[in-house]
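J.: Whatever this is, show me its structure:
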Amino acid sequence: MKLYVCWGTFTTTPRPGGHPCGNAHRALQEAGYDPEVVKSYGWAVLPDFMNPTSGRREVKKLTGKTTVPVLVTDDGEVIADSKNIAAWAKEHPAAAT
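T.: Alright, predicted model coming up:
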C-alpha cells in the first residue's frame, strides 16, 4: 500500500479541517494500516514541468492529475482525495493479526 502525499503527513496545520495528506494518513493508521508514504514534493496548481518529482509523475499516470493525496492499495485500487481515502479506510479496516 502506498500513500502519495505532498511534503508530509502533517498533524498540525493552520488549515481549517487539517491538512489533506495528514488527514488521509491518520485515517489509514486508525484503520490499522501503515502505508508506505511517498513524498511527492511540489504543488498541484503549478504546471507539470514545475512538479518534476517521480511521485507527482506517478500520481499523474494514476489519476490524470497531480493532486495528492492518492492511495494505491495492495490490490492496485487507486483512491484520490483525502475524504475518499478516509471513507475507504473506514469501510476496509485492516485485518487483526
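J.: can you give me the strands for this structure?
T.: Assigned by DSSP state E, the chain shows strands spanning 2-5, 36-39, 70-72, 78-80.
J.: can I get those in TSV with mean neighbour count and distance to residue 86?
T.: No exception for glycine: its C-beta is placed from N, CA and C like everyone else's. Output for the strands of the chain, formatted as TSV (neighbours: other CB atoms under 10 Å; distance: least, CB to CB, whole Å):
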stretch	mean neighbour count	distance to residue 86
strand 2-5	24	12
strand 36-39	15	16
strand 70-72	25	10
strand 78-80	18	10
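J.: Just give me the neighbour total for residue 57.
T.: When neighbours are defined as other CB atoms under 10 Å, residue 57 has 15 of them.
J.: Need the nearest residue in space to the most centrally placed residue in the chain, chain neighbours excluded.
T.: By CA atoms, centre = their mean, the chain has its centre lying nearest to residue 69, at 2.7 Å. In space, and not counting its chain neighbours, residue 69 is closest to residue 24: 4.1 Å by CB to CB, 6 or more residues apart in numbering.
J.: Name all residues that make contact with that neighbour.
T.: Contacts for residue 24 were tallied using CB atoms under 8 Å, 6 or more residues apart in numbering; they are 3, 5, 69, 71, 82, 85-86.
J.: a markdown table please, covering the residues you listed and showing pLDDT and distance to residue 59.
T.: What follows is these, written out as a markdown table (pLDDT from 0 to 100; distance: CB to CB, whole Å):
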| residue | pLDDT | distance to residue 59 |
| --- | --- | --- |
| 3 | 97 | 11 |
| 5 | 95 | 10 |
| 69 | 96 | 9 |
| 71 | 98 | 11 |
| 82 | 96 | 14 |
| 85 | 98 | 13 |
| 86 | 97 | 18 |
